[in-house]
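Need the 3D shape of this:
(chains A, B and C)
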Amino acid sequence: MSLDAPPEPDERQDIAAAPPAARTRVLWPVLAFPGTLWLVLLFLVPLYVVLAIVFGQIDPIFRSPVPVWNPVHWNTVQFQDVFSHIIGSDGFFGPALLRTAVYVLSASALCLVIAYPVAYYTARYAGRRRGLLLTLLIAPFWISYMMRMLAWVNLLQNDGLVNRALGLGGLFNVQVDWLNGRGLVVVLGLVYGYVPYMILPLYAGLDRFQPHVLEAARDLGAGRFDTFRRVTLPLSIPAIVAAVLLTCLPMLGDYFTNDLLSASPSTSMVGNLINNSVLTPGQTGQAGAFVLLVLVVSLVPMIIYVRSARSEGVAS
Amino acid sequence: MSALTGWWSDPFRKPRVLQTLTVGYLLWSLLPVVIAVVFSFNAGRSRTVWQGFSFRWYWGDPERSVWHNDSLHTALTHTLVLGVLTTAVTIPLGVAFALGVDRWHGRLPSGANLLMLLSFVIPETLLAVALLFLVTQLTTPLQLGTSAQVAGLVTFQLSYPVVIVRARLVTIGKQYEEAAVDLGASPLGAVRRVLLPLLAPAIFASTVLVFADVIDDFVIVRYLSGDSSSEPTSVKIYNTARAAPSPALNALASLMLLASFLAVALGLLAYRWLRRGERGERGIESFAAGG
Amino acid sequence: MPHSPDDPSDRQPESVGSEGEPARRRPVPIDRRSFMRRAALGAIAGPALLDFLAACSSNNVAGPSGGSTPAGFQIASPDNPVTWPIYKDNKPIKSGLKPQAGSTLRLYNYDDYIGPKVVKEFEKKYDVKVTVSTFNDTDEALTKIRSGKVLYDIYFPSYDQIAKMVTAKLIRPLNHSYIPHQSNLWAEFSNPWYDGEWRYTVPYTVYTTGVGWRSDKIPADIGGMANPYDSLWDPTHKGRVAVIDDWHTAMAMVALRAGITDINTQKAKDLTVIKNQMLDLNAKTNPKVTITMYNDLPAGQLWLAQMWSGDIVNAQYYLPKGTKPDVLAYWFPEDGKGEVDNDLMVILSGGQNPVAAHYFLNHMLDTKNALDNFGYIGYQPPQNALDPAKVVADGYVPKNLESAVVRREWFTAGYRLLELPPAADAAWHAIWQQFKAGG
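Numbering: from 1, shown residues only, chains lettered A, B, ... in the order given. Alright, predicted model coming up:
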């Protein structure tokens, strides 16, 4: 529909009925209402149910959760139970939480080390092949996470292609058991899984600044490394922050990468603690407590992200 | 040595290290998937030893191929059903929300916007567990299975159209609709006849994005699945990969891959068509960046 | 809720400027009047919302999801056999009905734990569509069933959940007139200790829990050790070991290793021993915790694992081409003093197709079907026609896995995994949670 189409007669009559400003004032809230209601009912209310379960009771026979809706009657036994097991002599959740932090941070750092040069190259040097390169970079984004993990599960079998490649095709008999509880494999799995989510925001950020800024730096005598260190890197900090947050946050809840690539308690992450206890009688409230814990921990990065998204205009 | 420093200080030298890294990354990220697709054509049961080419795992095998194994093609259809239903709910809801929140100023809309952004970045597992509790603890119209899955997915995906449409709204500005209103259009008429056509590329890009993301979703759909008929491909892959996988699983995953790529390719073509004639058209990048 | 136009916040510009520059917002002071108004609104809306949530709470709703909490439940054991009551509001179905053609029967089962062929035959014979949904462990399964949000017809648990299920009326009493093939079963199953007069259950399979290993990879004779369970703690096998992902099955093995023969112990002292041994297990061999040994052992991913007898029998079908079944080995105490259990088939009261479910139970107890199914899943049915002495000769089990054949007399000698009272159950689960946290 073209812009210069004349308004239709019936719409002209509408104007006569009420001043446009007043009607606009009604229109926007009406448009925003369904989405807002949806978010309240299916985002805020569920989080409240988590609270009601964590601070609720446990059925004495089935040990299923009995949510308590009124905060006045909340009881903190389950919450305290979880926290008493994080630090101290009986703190058996502590190592798993620490492990989560180590895995998530090292995987994110590795992601950045891989993603930054790739995004930088694509944004600055790809030239005519940029379209093709971007298509290839985006491809893993469209391939299901599970399929990509399945691919690695197959490759890392004891008789899989990785071991055979290491054995130079049968020259040696390499029998590395990659899939039996190796933390490194889990971290690399996380990197493999989440790195595409990092490349795109980095690329978008690096692509945005103008080449003449860099040329100016060069003209002023800065070498390649100096230009990068003093111009490119500082300018790309917001993109780095956004990209790291976008990969860190989902990793915090990840349990399936670990399940598929290790399945050993020695690599359990907080996601596994949640997943193991959600459906276990008597421990549902503890799963809820871990959900709250992760939520509180991720709230800070989430707010940083939201703020940076706002100052960028809108998150993109 | 001097050759090396000379090369180093030459600002126009080829960035070979970066180039190698990029190519290496692409191989690392795509080769495993290619191998997995290749093994879906294996004639034998092994996922590690090549035993000849066949379509056995697609339709040849009378019991375990994707075509003949009920549970595998149920998974495939359920995935597509979830994709279509979720997209159909998310896009109108999200576009209306984006328009409303963008143009209506005040605390309420900015609170709603904050809520939306939080739903965008919350770790998915947390949202999934919270929704599972909601569905199991409260009597709602939602049942574990398709209805709960769609509700959960819409919540998680709602931010995509909102974010993308709002980004587009910023570049469009208000002058067109104001001109339309000045010329006598009603506010709704201005939205319908001026804004929506201008937003079409953004709406379209988010449609494709939401669809492709939904058919890959795992965490929400697994927690909110009911019986086997509501287990989509990703859940099937997860369950079977931990038990006794056969190349039929690779075949299933390859078909999903095909579906994703078809959706994206069609989307890209249509997107180009929608934005034809616009300056600064850069195809896939602006598509990927969401218009 | 429409905003009142006199609210000053309405006039504030949004933070997003057209140039992408954040318009710094100063906090708008809230005047007293609007504060009071909001507080009043909150005071009214808050409790109303809570009441609404409470009214929606499914725990208040009677029905299959089981609202009212029973006062307590009995625990059946071989020394304390129980015959469950039949409640007025949960009676068997009427006799003489036929399954509805074209209807769907929903099974809820472990993965790979029923043969597709017997299922297909049932579908053909009665024109009923059968779907199989799977669970990872029975805790998870019972939680989902109890939520009342999934409506399965038949569930395959062990007897360690039966008291809970009967008391909460989650399962239906059986109408025996539909299940004549029950007479094919070992006589003790017509009046089992966990369900006198088989009012609610029929047995599905019998199995032992022992240790399976690859004799081609591990030269030592595990079965010949003084305490074969010790092998799972042997650091030389580190990274190639697994235990079963079921709290009670795995922890009972740990108890037996430590010489605690009461594998349902409630003594704090015993539980401490079990806990320490479990943590030691993590430290010594870093085991996988899984139920997929039937695939991983033949694939060579695992060399040594705690295993169910049925899984080691089933493993022969998962060996790669060219590997003979004689690389598989299984140990279970010769005197039967280990974990001996049986699984059940029960009809869930939330299911929509109880008639077809009765027919299905009978179908599975038919000797031919039971043997077909045995050939597929590797788990032995307690059929009279199946002479444990001849299972090897008949080709169901290879000679080297003779130890995986379940002998009838072991059901008197062996130890059973029983239901635990809530407090003990919590204590066991807490140890399992700690073990799985890897801490």
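
Got the confidence number for A:Pro211?
On pLDDT, A:Pro211 comes in at 70.

residues near it, how many?
As a burial measure, A:Pro211 scores 8 neighbours (other C-beta atoms under 10 Å in any protein chain shown). Just so you know, the C-beta spots here come from the backbone N, C-alpha and C atoms, and that holds for glycine as well.

Check for me that C:Ile193 belongs to a helix.
Let me fix one detail, which is that residue C:193 is Trp and not Ile. No: applying DSSP: H, G, I helix; E, B strand; the rest coil, one finds C:Trp193 to be coil, outside a helix.

residues touching it, list them.
By C-beta atoms under 8 Å, 6 or more residues apart in numbering or on different chains, the residues touching C:Trp193 are C:76-78, C:80-82.

Just the buried ones from those residues?
Listed as buried from the contacts of C:Trp193 are C:76, C:82; burial here means 16 or more other C-beta atoms under 10 Å in any protein chain shown.

Return the closest of the contacts of C:Trp193 with respect to chain B.
The nearest member of these to chain B, counting by C-beta to the nearest C-beta, is C:Ala76 at 28.4 Å.

and A:Gln157, what is it in contact with?
Each residue near A:Gln157 by C-beta under 8 Å, 6+ apart is listed here: A:163, A:179, B:47-48, C:299, C:301.

In strands only, show me those.
Judged by DSSP state E, the subset of those located in strands is empty.

how near is the closest residue to C:Tyr376 other than its chain neighbours to chain A?
Computed as C-beta to C-beta, 6 or more residues apart in numbering or on different chains, the closest residue to C:Tyr376 that is not its neighbour in sequence is C:Gly115, at 3.3 Å. Using C-beta to the nearest C-beta, to the nearest Å, one obtains 26 Å as the distance from C:Gly115 to chain A.

Can you check the pLDDT for C:Gly115?
92.

Give me the phi and psi for the nearest residue to C:Val327 once chain neighbours are set aside.
Once flanking residues are discounted, C:Val327 sits nearest to C:Asp216: 4.3 Å by C-beta to C-beta, 6+ apart. For C:Asp216, the backbone dihedrals (degrees, to the nearest 10) come out as phi -80, psi -20.

give me the number of residues near C:Asp216?
14.

one step back: closest to C:Thr104 among the contacts of A:Gln157?
Nearest to C:Thr104, judged by C-beta to C-beta, of the contacts of A:Gln157 is B:Arg47 at 32.3 Å.

Mind jotting down where the strands sit in the stretch 251-400 of chain C?
Secondary structure of the stretch 251-400 of chain C (DSSP state E, counting those that start in this stretch): strands at C:288-290, C:304-308, C:328-331, C:339-347.

could you dump these to JSON lines with mean pLDDT?
Formatted as JSON lines, the strands of the stretch 251-400 of chain C follow (pLDDT from 0 to 100):
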{"stretch": "strand C:288-290", "mean pLDDT": "92"}
{"stretch": "strand C:304-308", "mean pLDDT": "96"}
{"stretch": "strand C:328-331", "mean pLDDT": "96"}
{"stretch": "strand C:339-347", "mean pLDDT": "96"}
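
Could you identify the longest helix within chain B?
helix B:70-103 (DSSP state H).

Identify all contacting residues around the very next helix or strand once past that helix.
Where DSSP states H and E defines the elements, the next helix or strand beyond helix B:70-103 is helix B:107-121. Contact with helix B:107-121 is made by A:28-29, A:32, A:35-36, A:39-40, A:43-44, A:245-246, A:249, A:298, A:301-302, A:305-306, A:309, A:315, B:97, B:100-101, B:127, B:155-156, B:158-160, B:162-163, C:1, C:3, C:9, C:14-15, as judged by C-beta under 8 Å, 6+ apart.

just checking, which of those residues belong to strands?
Reading strands off the contacts of helix B:107-121, I find no matches (DSSP E).

So which of those residues sit within helices?
Using DSSP H, the subset of the contacts of helix B:107-121 located in helices is A:28-29, A:32, A:35-36, A:39, A:245-246, A:249, A:298, A:301-302, A:305-306, A:309, B:97, B:100-101, B:127, B:155-156, B:159-160, B:162-163.

Which ones among those also lie next to chain C?
With C-beta under 8 Å from any C-beta of the partner chain as the criterion, those include A:Pro29 near chain C.

Pull up the gap between the most centrally placed residue in chain A and chain C, please.
Taking C-alpha atoms, centre = their mean, the centroid of chain A lies closest to A:Pro250, which sits 2.9 Å from it. A:Pro250 is 21 Å from chain C, where distance means C-beta to the nearest C-beta.

in terms of contact, does that residue touch B:Pro123 like I think?
Yes: with contact defined as C-beta atoms under 8 Å, A:Pro250 and B:Pro123 form a contacting pair (5.6 Å).

mind listing the strands in the chain by residue range?
No chain was given, so I picked chain A. Using DSSP E, the strands of chain A run over A:57-58, A:65-66.

what helices or strands is the last one leaning on?
Read that as strand A:65-66. Judged by 3 or more C-beta pairs under 8 Å, 6 or more residues apart in numbering or on different chains; DSSP states H and E, strand A:65-66 is in contact with strand A:57-58, helix A:284-311.
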